[in-house]
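predicted coordinates and the sequence they were generated for:
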Amino acid sequence: MPGTGLWRTKSIEQSISDTDEPETKLRRNLGAWDLTVFGVAVVIGAGIFTLTARTAGDFAGPSVSVAFVIAAIACALAALCYAEFASTVPVAGSAYTFSYATFGEFMAWIIGWDLILELAVGAAAVAKGWSSYLQTVLEYIFGKGTKTSIDLGGGFGFDWGALIVVVVLVTLLVIGTKLSSRFSMVITGIKVAVVLFVVILGIFYIKSSNYTPFIPEGKPAGAGESGVDQSLFSLLAGGGSSSFGIFGLLAGASIVFFAFIGFDIVATTAEETRNPQKAVPRGIFGSLAIVTVLYVAVSLVVVGVVGMVPYTDLSTSAGDGSHKTLATAFSANGVDWAANVISVGALAGLTTVVMVLMLGQVRIIFAMSRDGLMPRSLAKTSDRGTPKRATLVVGALVAAGATFFPADKLEEMVNVGTLFAFILVSAGVLILRKTRPDLTRAFRVPGVWVIAPLAILACLWLMLNLTVLTWLRFVAWMVIGVVIYFAYSRRHSLLGKRQSGVEQGGAVSEPPPPVAD
């Protein structure tokens with residue numbers, strides 16, 4: 001039976017029925033291949049092009065390749081749980097919708113609020129990376145000193161490069177999802193070619209001496225650093241910092257986890273998919289299969305980058321203090337033409353990452369608005385069958401974050417939010433197996449009572465290895481979400497109105513008859 005108050009659950013049947021409302025109906029024109037393209041488009045990009053070098057230089061050294069393996073295992077476990085849920089509840093909203101059917105409205109709101117942290121902030125972080133590569137390309141054309149941002153002081157700036165890419169992509173998303181898929185297909189082909197180019201060329205510049213030590217000795221806390229700058233686990237375990245050593249390796253895994261975010265975006269498009277029960281699991285596993293093959297090659301790139309230059313040259317503090325990228329290693333070896341090829345490829349590749357992250361965020365807000373937890377006007381679709389208003393709101397939020405805030409702080413906030421979502425989805429699969437064993441499941445997690453708990457533990461472990469400051473910001477974000485829920489969402493919930501006998505128009509209907517004992 002559905003609960004009441006904070007724990008009232010929305011039945012899966014009601015969620016599916018709501019997808020046929022005329023004013024909020026999405027156009028179903030995506031197939032399994034479209035979903036696979038979206039998954040590959042968002043996964044291959046941000047982590048490889050923007051995080052690999054910095055994580056090696058600041059946290060893990062050559063052992064960054066092991067950090068990628070740890071993050072990949074946690075992601076694969078959670079992906080199995082997402083596939084079962086998405087095939088069972090083919091409705092926009094992903095983890096938010098799944099949580100509404102299992103944990104109840106309050107937790108659904110919390111995870112929806114959390115997904116805003118993952119997707120909108122993630123899009124802003126990648127837009128910052130896009131702007132960094134744009135600057136490299138512009139320097140190649142117009143000479144050194146060309147900048148895509150203006151320093152405003154106090155750690156803030158005006159990043160016009162990031163602003164441009166967000167505005168262009170929001171326009172594309174408003175036009176239509178199918179067009180976005182075709183655009184992603186072309187750009188994804190370009191960036192996959194660039195990744196393979198980096199792998200092949202990088203092998204010829206590897207220096208074996210740069211692999212030693214594979215796990216550098218841990219560093220003590222530097223001047224001006226406090227406990228909030230190290231990982232929570234290293235603080236609890238008494239470590240001086242989370243720079244290098246085993247604490248650095250574990251912290252690196254939690255950071256490069258950002259490189260694997262994306263397959264959950266596939267689940268957000270379930271409502272726009274033809275035959276979602278089959279297409280969504282195929283899209284999730286198809287994208288993961290392609291990404292896995294590419295990441296085997298990319299692991300060579302990761303080792304190759306560190307093998308091409310000493311990991312100390314990739315640290316944020318080295319040189320001018322700017323973030324290092326894959327192109328940095330080639331520039332350090334005098335192969336500027338290759339660095340320029342990588343920068344152009346990364347510029348194209350990161351474009352689709354920003355677009356697909358915003359696509360996922362729009363669908364989350366669309367689902368929450370349709371349920372009344374956010375203003376209902378955001379759920380209205382345009383003549384093209386896209387949630388135009390929600391897209392414009394998300395675009396404004398992403399543009400503000402990308403234009404004014406530092407990239408590294410955005411990246412870690414994305415990771416903690418995503419890991420929390422993965423934990424709830426993995427737990428939700430177990431709950432739904434118990435509460436609704438009658439549901440038709442096009443895909444079932446094999447050994448679910450082992451896989452799902454392992455996914456929960458793996459994601460929790462990665463969360464513990466994020467910085468204390470990231471945790472504090474995450475808690476603050478959640479507190480804001482709780483305040484909004486009680487101030488607005490709880491009173492406007494359509495499910496709450498249905499349970500209390502109040503129709504959407506405000507008229508009071510007859511209360512439901514009492515249930516006989």
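That came in fine, so what should we check first?

all strands of the stretch 151-300 of the chain, in order?
For the stretch 151-300 of the chain, the strands defined by DSSP state E, counting those that start in this stretch occupy 156-159.

helices along that one, start to end?
160-175, 177-203, 232-236, 245-256, 263-268, 276-308 (DSSP state H, counting those that start in this stretch).

how about those helices in TSV, adding distance to residue 75, mean pLDDT and mean neighbour count?
Yep, even glycine has a C-beta here, placed from its N, CA and C like the rest. What follows is those, written out as TSV (distance: least, Cβ to Cβ, whole Å; pLDDT from 0 to 100; neighbours: other Cβ atoms under 10 Å):
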stretch	distance to residue 75	mean pLDDT	mean neighbour count
helix 160-175	25	88	20
helix 177-203	18	72	19
helix 232-236	19	69	19
helix 245-256	11	76	26
helix 263-268	7	74	30
helix 276-308	8	68	21
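
okay if I get these as JSON lines plus distance to residue 433?
Rendered in JSON lines, the data for the helices of the stretch 151-300 of the chain read as follows (distance: least, Cβ to Cβ, whole Å):
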{"stretch": "helix 160-175", "distance to residue 433": "35"}
{"stretch": "helix 177-203", "distance to residue 433": "32"}
{"stretch": "helix 232-236", "distance to residue 433": "31"}
{"stretch": "helix 245-256", "distance to residue 433": "29"}
{"stretch": "helix 263-268", "distance to residue 433": "18"}
{"stretch": "helix 276-308", "distance to residue 433": "17"}
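
nearest to residue 349, of the ones you listed?
With Cβ to Cβ, the closest approach to residue 349 among the helices of the stretch 151-300 of the chain belongs to helix 177-203: 2.9 Å.

spatially central residue in this structure, please.
What sits nearest the mean C-alpha location of the chain, by Cα atoms, centre = their mean, is residue 261, with 4.4 Å.

separation between it and residue 121?
Per Cβ to Cβ, to the nearest Å, residue 261 is found 11 Å from residue 121.

now do the shared contacts for the two.
residue 414 (Cβ atoms under 8 Å, 6 or more residues apart in numbering).

report the distance from the helix or strand where residue 125 lies to the chain centre.
Element membership for residue 125, per DSSP states H and E: helix 105-142. Taking Cα atoms, centre = their mean, to the nearest Å, one finds helix 105-142 lying 9 Å from the centre of the chain it belongs to.

and that helix, what does it pack against?
Contact partners of helix 105-142 among helices and strands, from 3 or more Cβ pairs under 8 Å, 6 or more residues apart in numbering; DSSP states H and E: helix 46, helix 95-102, strand 156-159, helix 160-175, helix 336-370, helix 388-404, helix 407-435, helix 468-484.

for residue 146, find the nearest of those.
Of the helices and strands packed on helix 105-142, nearest to residue 146 by Cβ to Cβ is helix 160-175, at 10.4 Å.

check what contacts that closest one and list those residues.
By Cβ under 8 Å, 6+ apart, the residues outside helix 160-175 that reach it are 123-124, 127-128, 130-131, 134-135, 148-150, 179-180, 183, 351, 354-355, 358-359, 362, 382, 384, 386, 388, 391-392, 394-395, 398-399, 402-403.

quick one, it and helix 407-435 angle?
Helix 160-175 runs at 30 degrees relative to helix 407-435, counting by axes from the mean of the first three to the mean of the last three Cα atoms, to 10 degrees.

any regions of the stretch 251-400 of the chain where pLDDT drops low?
258-259, 262-263, 295-335, 385 (pLDDT under 70).

swap the cut-off to 50 and go again
318-321 (pLDDT under 50).

the stretch 1-150 of the chain too?
Those would be 1, if you go by pLDDT under 50 across the stretch 1-150 of the chain.

how does it look with 70?
Checking the stretch 1-150 of the chain against pLDDT under 70 turns up 1-4, 29, 45-54, 57.

drop anything exposed from the contacts of helix 160-175.
Among the contacts of helix 160-175, the ones that count as buried by 16 or more other Cβ atoms under 10 Å are 123-124, 127-128, 130-131, 134-135, 148-149, 180, 183, 351, 354-355, 358-359, 362, 386, 388, 391-392, 394-395, 398-399, 402-403.

tally of neighbours for residue 486?
Number of residues near residue 486 (other Cβ atoms under 10 Å) recorded here: 12.

next one: it from residue 440, what distance?
Applying Cβ to Cβ, the value for residue 486 to residue 440 is 36 Å.

if we can go back for a sec, I'd like the distance between the residue nearest to the centre of the chain and residue 61.
24 Å.

can you check residue 243 too?
Residue 243 is 10 Å from residue 61, where distance means Cβ to Cβ.

can you check residue 257 too?
18 Å.

what's the answer for residue 475, then?
31 Å.

same thing with residue 6?
On the measure of Cβ to Cβ, residue 6 and residue 61 end up 46 Å apart.

okay, these two: which has more neighbours?
Neighbour totals were compared for residue 6 and residue 61, and residue 61 leads with 30 against 14 (other Cβ under 10 Å).

tilt between the helix or strand hosting residue 74 and helix 95-102?
Assigned by DSSP H and E, residue 74 belongs to helix 64-88. Angle, helix 64-88 to helix 95-102, by the same axes, to 10 degrees: 50 degrees.

residues near residue 145, how many?
7.

what about the closest residue to it other than its chain neighbours, how many residues nearby?
Nearest non-adjacent residue to residue 145, counting by Cβ to Cβ, 6 or more residues apart in numbering: residue 139, 7.5 Å away. Neighbour count for residue 139, taken as other Cβ under 10 Å: 16.

any idea how far residue 139 is from residue 163?
Residue 139 is 19 Å from residue 163, by Cβ to Cβ.

related to what we said a few turns ago, the residue nearest to residue 145 touches residue 148, doesn't it?
No. Assessed by Cβ atoms under 8 Å, residue 139 is found out of contact with residue 148, at 9.8 Å.

assign a three-state SS to residue 91, would you?
Under the three-state scheme (DSSP: H, G, I helix; E, B strand; the rest coil), residue 91 adopts coil.

next one: phi and psi at it?
Main-chain torsions, residue 91, degrees, to the nearest 10: phi -130, psi 150.

who's in contact with residue 114?
417, 420, 421, 477, 478, 481.

at 10 Å what do you get?
Shown in contact with residue 114 (Cβ atoms under 10 Å, 6 or more residues apart in numbering): 95-96, 99, 364, 416-421, 424, 474, 477-478, 481.

and stretch 475-486, how far out from the chain's middle?
On Cα atoms, centre = their mean, the centre of stretch 475-486 falls 20 Å from that of its chain.

swap that for stretch 6-13, please
On Cα atoms, centre = their mean, the centre of stretch 6-13 falls 26 Å from that of its chain.

and the contacts of that stretch?
Identification of contacts with stretch 6-13 by Cβ under 10 Å, 6+ apart yields 1-3, 17-18, 88-91, 97-109, 371, 432, 435-436, 439, 485-486, 490, 493-496, 498-499.

give the PyMOL command for selecting the buried subset of the residues you listed.
Buried subset of the contacts of stretch 6-13, written as a PyMOL selection, criterion 16+ other Cβ under 10 Å:
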select buried, resi 18+88+89+90+91+97+98+99+100+101+102+103+104+105+106+107+108+109+371+432+485+490+493+494+495+496+498+499
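
just list the residues touching residue 28, thanks.
Contacts of residue 28 by Cβ under 10 Å, 6+ apart are 19, 90, 177, 270, 271, 272, 273, 274, 275, 276, 385.

in a strand, residue 150, correct?
Yes. Counting by three-state DSSP, residue 150 is located in a strand.
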